[in-house]
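[1] Let's see this in three dimensions:
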Amino acid sequence: MTADKLIELIDASIEDNPFYSREAILALIQSGEAQLWNTDNSILVTELIKNNQSGALSIQVVVGGGELSEIIPGLTTQAEQWAKSLGAKKARFDGRPGWVRAMRSYGYHEVSRTAEKDL
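    Purely as a prediction, here's the structure:
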């Protein structure tokens, strides 16, 4: 994947996401705090999260973009297997209802909903 394509996919994946900037995502990847999973046309950026109370590990999707058929099951399976090899017990993502529906047949289920308003 070219650097320009990576930037294009990151920008598209954060278009409606006020919590991440391109610079922040690139910094997470470059520092090793986040993992980049990619094909020529798709990306998935994840973080390995350690629960402060229990110490349990989980993998959390930060952003994803590109071709759905490449992300699910391809990139998600790679990321899940990597995290499981490190002891992770859960894989999580926050997303719109369409993502939850798409991931349901791969063992994901909805555990919460988030509501927000502009201030």
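
[2] what's the residue nearest to K50 when sequence neighbours are not counted sitting at in phi/psi?
    Distance criterion C-beta to C-beta, 6 or more residues apart in numbering; nearest residue to K50, sequence neighbours excluded, is L57 at 5.6 Å. Placement of C-beta: from N, CA and C, glycine included. For L57, the backbone dihedrals are phi -90, psi 140 (criterion: degrees, to the nearest 10).

[3] Quick check: the gap between L57 and G107.
    17 Å (C-beta to C-beta, to the nearest Å).

[4] The two: who's more crowded?
    L57 (16 against 8; other C-beta atoms under 10 Å).

[5] pLDDT value on the more buried one, please?
    What the model reports as pLDDT for L57 is 96.

[6] Quick one: the helices in the chain, in order.
    Along the chain, counting by DSSP state H, helices occupy 3-13, 22-31, 68-70, 76-85, 97-104.

[7] Tell me the buried residues in the shortest one?
    Spelled out, that is helix 68-70. Using 16 or more other C-beta atoms under 10 Å as the test for burial, helix 68-70 gives E70.

[8] Do you know the pLDDT at K90?
    So K90 comes in at 95 (pLDDT).
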